[in-house]
Structure formats: structure tokens, C-alpha cells
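In: Dropping a prediction and its sequence here:
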Protein chains: 2
Amino acid sequence: MKIAVDAMGGDHAPRHPVAGALLAAKELDVEVVLVGREDAIRRELERHRSAADLEIVDAGEVVAMDESPATALRRKRDSSIHVAAELVRDGEVAGLVSAGNTGAVMVTAKLLIGTIAGVDRPALAVVMTTTAGHCVLLDVGANVDPKSHQLVQFAVMGDQFARQILDVEDPRIGLLSIGEEAGKGTELIRAAHDALRGSRLRFLGNVESQDIFDGSADVVVCDGFTGNVVLKTSEAVVNAVIGLLKEELSRTWLSKLGARLSRGAFRRYRKRVDYAEFGGAPLLGVRGLTVICHGRSSPRAIKNGIRVAREYLGQRVNEAIERALEEIRVTAGDGTGDPGSRR
Amino acid sequence: MKIAVDAMGGDHAPRHPVAGALLAAKELDVEVVLVGREDAIRRELERHRSAADLEIVDAGEVVAMDESPATALRRKRDSSIHVAAELVRDGEVAGLVSAGNTGAVMVTAKLLIGTIAGVDRPALAVVMTTTAGHCVLLDVGANVDPKSHQLVQFAVMGDQFARQILDVEDPRIGLLSIGEEAGKGTELIRAAHDALRGSRLRFLGNVESQDIFDGSADVVVCDGFTGNVVLKTSEAVVNAVIGLLKEELSRTWLSKLGARLSRGAFRRYRKRVDYAEFGGAPLLGVRGLTVICHGRSSPRAIKNGIRVAREYLGQRVNEAIERALEEIRVTAGDGTGDPGSRR
């Protein structure tokens, strides 16, 4: 199986993407295609020995990390993101991994590659580390203003992702709101609640942020604005907690000594909650699979992104999603004709 | 100045509210009126010595913590929340502090007491602990679906609160979104962005969650759904981080020893981020002031809630808010007539 890696994407491009691609080619059963400026990629490859096998597809332009996604899509048709997405569209590769401009990757993948059957809009999913394991949160930024039936599609995609990639047998699906009662939340939440209640999913009802982090739910569904805020809040709070703890730990010699002795624990903790290390955020619902890695991705994070794409594509998760969406439609068709509505 | 305390509100009522009221009466320049079941309050007061001075107003019913706010408002007219709000409405007391059912307190205060001039809807504000001090976040749950001009009103209220209560000279106001560019976010955010840009506030533009916690903004404005999610996410993440850290710290004898030595630092940290200890969340925009404390509030948290109400009312913050809103209206009237729109 061939997977394209955006060699020019991320804060440490092309160094980390190329190093990550080499790791993946060595450790995983996958062929990696590096997309980007050929000369820059070759220079990086020369730094490694095992450079021989990687295919390179030249792309002359680079989308900057802070560039407008719409402008990038329109004007930079020879960017590494654009060319990599074309490779997926044309069936040259099965999927795409990028640590580049998240908005540009999302927009380009959505418009160039297109969605699978039954999916109106793709959703960006992240796997959060919880005290009990993992929780898939989606959408975290692909759609700021989805309709309720699209939230049901997100739930179906999250359900299949949890089954196939996280090996959860019968995923518990929650709808993020600000109170557990069915009537709580916005109009969108109330409509989605009813639709999910009538679906075949194992729907927990409304959940709150607590349930994302304490292992009460395997999949939590929300609109992309809310999900993005949750993701960024969790990153910000982790940083603030660690920052404040460090300040307090350095206040007395006793606590300084204590902190020194428990350094290993802090390191293990850091590793456990390092979201980037899971392997990036899959953009679910787009044909093939596009995995978006953190801009600061290490080579290992890039490799893990390729691993997730490899597993996802190998296990034909898109086909499973299409079947599940088809079933919901058939079932709902008996009643109201509204996908996922209460039967 | 008289302030009513809901003696029946919270997980530890009437014990903690009564104890908190006694602390406030002793330490602050304030008269406290305890509202609730007189017999239960008297029993609590007997446990303390300095019981003599507190006034009691009897209220026979209690709103449960999980009761529907609308039902409570309609059916329990003799509840401690209802009676306390009537005291504010009738001018018997200047403000009200409750650790009871948040939704019920909000709805009752809003409908019974009413809003100040220029404010359509009240906003619940919380003061977040940041690595650099404090940040006022509002709304965190009073309105899930506000209009953009109401977000401008929230900004004005947050601005005055930061000036008068947190002593910030010229508060930096941010609008919570999922990207700093003006075009980012929902339709609501884009409209509010334009309106705030045209106001006299020191508007930073769009900010992200990071800015709440790292001290980049003094006031962050959002709709009540998003704000509530941020608040609950931050609580959940703090719990998850501490839980995971504890797990890692107990893994080896070395880190166990380290953790023992640095216990004081963890305790100091806990105290610093204990949001409840700031003194509850003020419901801004309602006449007088209603402060909503955490359901788990300690006596000290209740006392701090009374302290915030005392300061707020003593410094006539409502009057300052009314003047500031009046100014925005006058200014905007010269141009488009739309409050706070771009001039």
C-alpha cells in the first residue's frame, strides 16, 4: 500500500516528515511517497543511509502554516498539499499524511478528493488520552456549523473508527452538551439528540466534557467549533497546570528535591498525554484517508500518523462507514424518511 | 449593606452556607440575611457561638440540585432561592449568594429581579486562574444562543468587572474563536467581531483558549454554550492531569518518595487553581448582584462569594455598566444606529 507524505508540511519540514517517512518505511508494511521540493527532500534523504527506496513526487510550492486555506487552494496548485491530494484522487496512493497548515489540508482534501458515499462533510477526529484509555472526539474543526443529521454521520464515523482502530467492541457514543438532560443545549443539540436516540448506535445521550476525560464515553460528537475549543482548552489547561505546578515545585528546596526524584513520573505522564504521538487527527469521511499531524510533529509522530493511515486503509474502515450509513438510511426510510430520526 | 445567603443551596446545605455566612459577618463589613428553613438554620447556628446577629428569613421549600429550573420557578414559590430573589427585588437586601441549583438561581434571578438598563440578558462570569493572574470568562452558561449585540453587552460587563473587582486598569478584551483571523468562527463570532471592533473597548480581536490561561487577555467573551464547555473542560482536564500524574508518581519508590517531598507544592497548586475559592460566579447584568457558588462550596468559598458581592455592590459596578452601555449607544447612534457597530 502506498501512502503520500507531505514533505513540506509542519514547523520542522522537510526534516521531520522525511525522517518520519523513513521510520515508517522501515518499521511498517507500507510504501511511502514523499511529496515536495525534490532538491530539499534529496538533501534530507542524504542525511540518512536507508534513503534508497522512497519515491519522490516533485511539487514546487509550499503552503505556509499561517496562509489562508482558500487562497492556498486557489493559487498554489503545485503545492505539496495540492499535489499529494491529487495523488489520492487519482488512485496513485491510498492516503495522505501531512503536518502542514490544517485548514489548507482539510479544504484541499475535501474539495479535491471528495467524500465517501453517505457523508455530506468530513469531520476531523482526535483521540484523547483519558484516565481509562482513549476517547474519540469529533468534529474538532472541519465544520463550524453542521446540521443535526451531519452530527449523526459524525457519530457513525466515530463509531467505526473506535471499532476498527481502537478495538472497542460496542462503542458508547455521547453527544457533547452542557447538561445531561435531553432538553439541554442548543437547538442543534436537541435535534441531534433525537436523531441519535433513534439510530442503532449505542447512544449514551448528552454528555459533558468530564465524560471525554474520565473514560465514560468512547466517542464524543460535537460541532467543529465546540470540538476545536475543547481540544485547544485541554492543551492550554495541561500547559497551565504543568506551568503552575513547576512554579510551586521550585518554591522550596524540599519540593525541588521531590520534583527531582519524581522526574521520571513527569516524563511518563508527558508521554502518555502527548496527543501528537497517537498519530495525528484523521479527517474522516474523505475518500482514502487524510491524517493531519500536529505542526510540531516529531519524526515518531509522523511515523505514527502513517501507521494510523495504514491500519485504517488496510481495515477498509471507509467501506464499513458506508455500510453503516446505508443501514441507518434504510431503517429510517421505513418511518419518517429522515436519516437517523426517531422511529 | 445587607446580603441574602441561600442557606439551603449546595451539597453541604445548610451547614456550609450558614458557616460561611457567619465567617462573612465576622470578617467583612456586611449584614447577612439567611434564607431557608428556620428550624434547620437555627440548629446550625447553635453549633456556633457567634450566632446572635444573623437575621433569618423563613422559606419552607428547597430546590433540589438536579431539579428543572423552570419547574422550580413555577411551583416552588416558597423556596429559599425564590424568597431570597424577592428580597433583592423588593430592596430588602442588596444582593444574593447561593450555592444551589445553578439553573434555578439564574432563571429565578433573571425573571424575578430583572436586568439593569441596557442589558438584554444576564451573563454568568467566572474568574479563571492563569499563569499570569486572572481572566474573566463570560458567558459560561446563562445564554446558549445569544445575539452578537448581546456579546458586546457581555464584553462591557466583563470590562467593568475586571476594572472594579480585579483592579485591571484597561482590560484587554478577547472574543473566543477557533483562529485569530477576523473571518474565523461562526456567523455569530464574525458579527460580534465587527461590533466589538467598532466599540470603545480595548478589543484584542479573536482569541483562542490558550489566551484565557496564559494571561494574554483580561476578559474573554463567548456564548454560554461554549463558555460552559470551556469551564467544564478545564475542570475535567485538571482532574485528569492530576489523576494521571498521581498514577505515574505511585509507579516507582523513587517517584513515590519525590511526591511525598513535594506534597506542599501540590497543595499550594490546588489552592491556587481552586476556582470555587475565588468567590463564585457573578451573574452580571441582573439588578443588585447574584453570586452563584459551586455546589461543593466550603464555608470559605461561601464567605468569598459574599465578599465579591459586597465589593461589587459597594463599588456600584452596575451603575458603571449602565453608563458604559449608554456611551456605546450614544456613539453608535451617530453612525448606523446599531449598538456597537463599526463606525
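Out: Good, I have the coordinates. Only a predicted model underlies this, so the values are computations on that prediction, with no experimental measurement involved.
In: For chain B, what is the nearest residue in the stretch 51-200 of chain A?
Out: Closest to chain B within the stretch 51-200 of chain A is A:I178: 4.1 Å, counting by CB to the nearest CB. Heads up, the C-betas are built off the backbone N, CA and C, glycines and all.
In: For A:V229, see how far away that residue is.
Out: According to CB to CB, to the nearest Å, A:I178 stands 12 Å off from A:V229.
In: And for A:G100?
Out: As defined by CB to CB, A:G100 lies at a distance of 22 Å from A:V229.
In: okay, the two: which has more neighbours?
Out: Set A:G100 next to A:V229 and count neighbours by other CB atoms under 10 Å in any protein chain shown: A:G100 wins out with 30 against 26.
In: show me what contacts that one?
Out: A:6, A:8-10, A:13, A:63, A:65, A:80-81, A:295 (CB atoms under 8 Å, 6 or more residues apart in numbering or on different chains).
In: excluding its backbone neighbours, what's nearest it?
Out: A:G9 (2.5 Å; CB to CB, 6 or more residues apart in numbering or on different chains).
In: how about the residues of the stretch 1-150 of chain A near chain B?
Out: Counting by CB under 8 Å from any CB of the partner chain, the residues of the stretch 1-150 of chain A close to chain B are A:68, A:103, A:129-131, A:141, A:144-145.
In: Go again with 10 Å.
Out: By CB under 10 Å from any CB of the partner chain, the residues of the stretch 1-150 of chain A that approach chain B are A:66, A:68, A:70, A:102-103, A:128-132, A:140-141, A:144-145.
In: Give the buried subset of the residues you listed as a PyMOL selection command.
Out: Selection command for PyMOL covering only the buried members of the residues of the stretch 1-150 of chain A next to chain B, criterion 16 or more other CB atoms under 10 Å in any protein chain shown:
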select buried, chain A and resi 68+102+103+128+129+130+140+141+144
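In: Would you agree A:V140 is in contact with A:L124?
Out: Yes: counting by CB atoms under 10 Å, A:L124 is a contact partner of A:V140 at 5.0 Å.
In: The contacts of A:G100: which two are farthest apart?
Out: The most widely separated members of the contacts of A:G100 are A:S80 and A:G295, with 14.3 Å between them, by CB to CB.
In: More neighbours: the two, which one.
Out: Shown here are A:S80 and A:G295; by other CB under 10 Å, A:S80 has more neighbours (31 against 17).
In: Report the contact partners of that one.
Out: Counting by CB atoms under 10 Å, 6 or more residues apart in numbering or on different chains, A:S80 makes contact with A:4-9, A:13-14, A:17, A:34-37, A:41, A:57-63, A:98, A:100.
In: For the residue nearest to A:G100, which three-state class applies?
Out: At A:G9 the chain is in coil, as set by DSSP: H, G, I helix; E, B strand; the rest coil.
In: okay, it: pLDDT?
Out: Looking at A:G9, its pLDDT stands at 94.
In: measure it to A:V32 for me?
Out: 14 Å.
In: if you count what's nearby, which of those two comes out ahead?
Out: Remark: of A:G9 and A:V32, A:G9 carries more neighbours, 33 against 28, as counted by other CB under 10 Å.
In: How about the contacts made by the more buried one?
Out: By CB under 10 Å, 6+ apart, A:G9 lies in contact with A:16-17, A:35-36, A:62-63, A:65, A:79-81, A:84, A:97-102, A:104-105, A:292-293, A:295, A:297, A:302.
In: Try it again at 6 Å.
Out: A:G9 makes contact with A:98-100 under the criterion CB atoms under 6 Å, 6 or more residues apart in numbering or on different chains.
In: SS state for A:P146?
Out: With three-state DSSP as the basis, A:P146 sits in coil.
In: count of neighbours near the closest residue to it other than its chain neighbours?
Out: Closest residue to A:P146 apart from its sequence neighbours, by CB to CB, 6+ apart: A:D223 at 5.2 Å. Applying other CB under 10 Å, we find 29 residues neighbouring A:D223.
In: for A:R49, same thing?
Out: A:R49: 8 surrounding residues under other CB under 10 Å.
In: quick one, strands of the stretch 151-300 of chain A?
Out: Secondary structure of the stretch 151-300 of chain A (DSSP state E, counting those that start in this stretch): strands at A:172-176, A:202-207, A:219-221, A:281-284, A:289-292.
In: And for the stretch 1-150 of chain A?
Out: Counting by DSSP E, counting those that start in this stretch, the strands of the stretch 1-150 of chain A are A:2-6, A:31-36, A:55-58, A:95-98, A:123-130, A:133-138.
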